[in-house]
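**Q** Here is my input, please return the structure:
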Amino acid sequence: MTATAAPPVPGAARRRHPARGRSLWLLVLLGVLGAIAAASVTVGSREVEWSDVLAALTGSAEGFDQAAVAKRIPRTLLALLAGAALAVSGAVMQGVTRNPLADPGILGVNMGASLAVASGIAYFGLASATGFVWVAIAGAGATSVFVYVIGSLGRGGASPLKLALAGAATSAALASSISAVVLPRGDIAEGVRSWQIGGVGGATFDGITQVLPFLAAGLAVALLSARGLNLLALGDDLAAGLGERVAVTRTTAAFGAVVLCGATTAVTGPIGFVGLVVPHVCRLLVGVDHRWLLPFSALGGAALLTAADVMGRIVARPGEIDVGIVTALIGGPFFIYIVRRQKVRDL
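**A** Got it, this is the predicted structure:
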């Protein structure tokens, strides 16, 4: 597969990012994540006291503030889970394709999951969260294969630019298809359009419980693929020479990423750029070793998406801006920066 120059080998990354430094960054990231989660529970259209938070946690919420906190708790939990899943999915996709521009949104994977869910609702009466997840994973997987095949055509194979262009074109086509599916159905059009923006405002413990096994399975597959992704970074030929089954490793890791992306999209709608921004930032902290990069990406993604949700509640009080819009405002400039940073001949 032809792509950008391979990143430094994991051994070199370990020398530049010793375990002590990584442990320190881990503690810092955990502290930041805890502070953001606390802010997510207490900050919104109106701020609440910690006594109201404790009352909501013990199930004795009676007042308006306590009821608001009771609704924010599953919202915060979903933001943490969705952010972690999208960031790990993006990191795995970048490792599998050796493409610095890889992201579930940029490659059209989110939109493929969205079209599958919209079609299931419109044509098959799909209503359960579990049903959404299965259909979304199937749509995400089919789109991933399609984009990779299209991006691999012609000379040079699957270069970053070709994959990004194939993903953008596919995403645009799928978005138009969603409109074609939904517009004739006035009974579902408003709900699907609202869901398609991407957000965590409608989170419930029941929905989280139904999607949690899929997220856990996808995360486990991704983490178990970390060593294989390190070898893939050295190039397919060298990885095969070291005894790695390249096709199996790439397929397994991609499956984990698709499950994470599809399951998340099923409950939050398509949220972009988390899987692009977070892995790049985490590489600056811990290097390219996926055994560290994936866990750090999970924590960083959880922090970013939850912070974006809090920001969306603050800037438009007493209303709110959906988290999908906030992440687009953050990720769009970052995407331009990544593109400009790469040499044109490498893309």
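**Q** can you count the residues close to residue 307?
**A** Residues near residue 307, counting by other CB atoms under 10 Å, number 23. Where C-beta positions appear, they are placed from N, C-alpha and C, glycine not excepted.
**Q** which residues does it contact?
**A** residue 36 (CB atoms under 8 Å, 6 or more residues apart in numbering).
**Q** ok, now residue 231?
**A** Residue 231 sits next to 238, 239, 242, 244, 249 when contact means CB under 8 Å, 6+ apart.
**Q** repeat that with 7 Å
**A** By CB atoms under 7 Å, 6 or more residues apart in numbering, the residues touching residue 231 are 239, 242, 244.
**Q** Output these in CSV, with secondary structure, pLDDT and neighbour count appended to each entry.
**A** Output for the contacts of residue 231, formatted as CSV (DSSP: H, G, I helix; E, B strand; the rest coil; pLDDT from 0 to 100; neighbours: other CB atoms under 10 Å):
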residue, secondary structure, pLDDT, neighbour count
239, helix, 87, 20
242, coil, 85, 9
244, coil, 88, 20
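**Q** list the buried ones in the helix or strand where residue 180 lies?
**A** Residue 180 is part of helix 160-182 when elements are defined by DSSP states H and E. Buried residues in helix 160-182, counted by 16 or more other CB atoms under 10 Å: 160-164, 166-167, 170-171, 174-175, 177-178, 181-182.
**Q** got it, and stretch 321-338?
**A** Of all the residues in stretch 321-338, those buried under the rule 16+ other CB under 10 Å are 321, 322, 323, 324, 326, 327, 328, 330, 331, 335, 338.
**Q** neighbours around residue 23, how many?
**A** Neighbours around residue 23, by other CB under 10 Å: 10.
**Q** pLDDT score assigned to it?
**A** With respect to pLDDT, residue 23 scores 87.
**Q** For residue 88, see how far away it is.
**A** For residue 23, the distance to residue 88 equals 20 Å [CB to CB, to the nearest Å].
**Q** repeat for residue 286
**A** With CB to CB as the criterion, residue 286 and residue 88 are 14 Å apart.
**Q** What helix or strand is the residue nearest to the spatial centre of the chain located in?
**A** Nearest residue to the geometric centre of the chain (CA atoms, centre = their mean): residue 86, 1.4 Å. According to DSSP H and E, residue 86 maps onto helix 64-97.
**Q** Surely residue 88 and residue 222 touch.
**A** Yes. Under the criterion of CB atoms under 7 Å, residue 88 makes contact with residue 222 at 5.3 Å.
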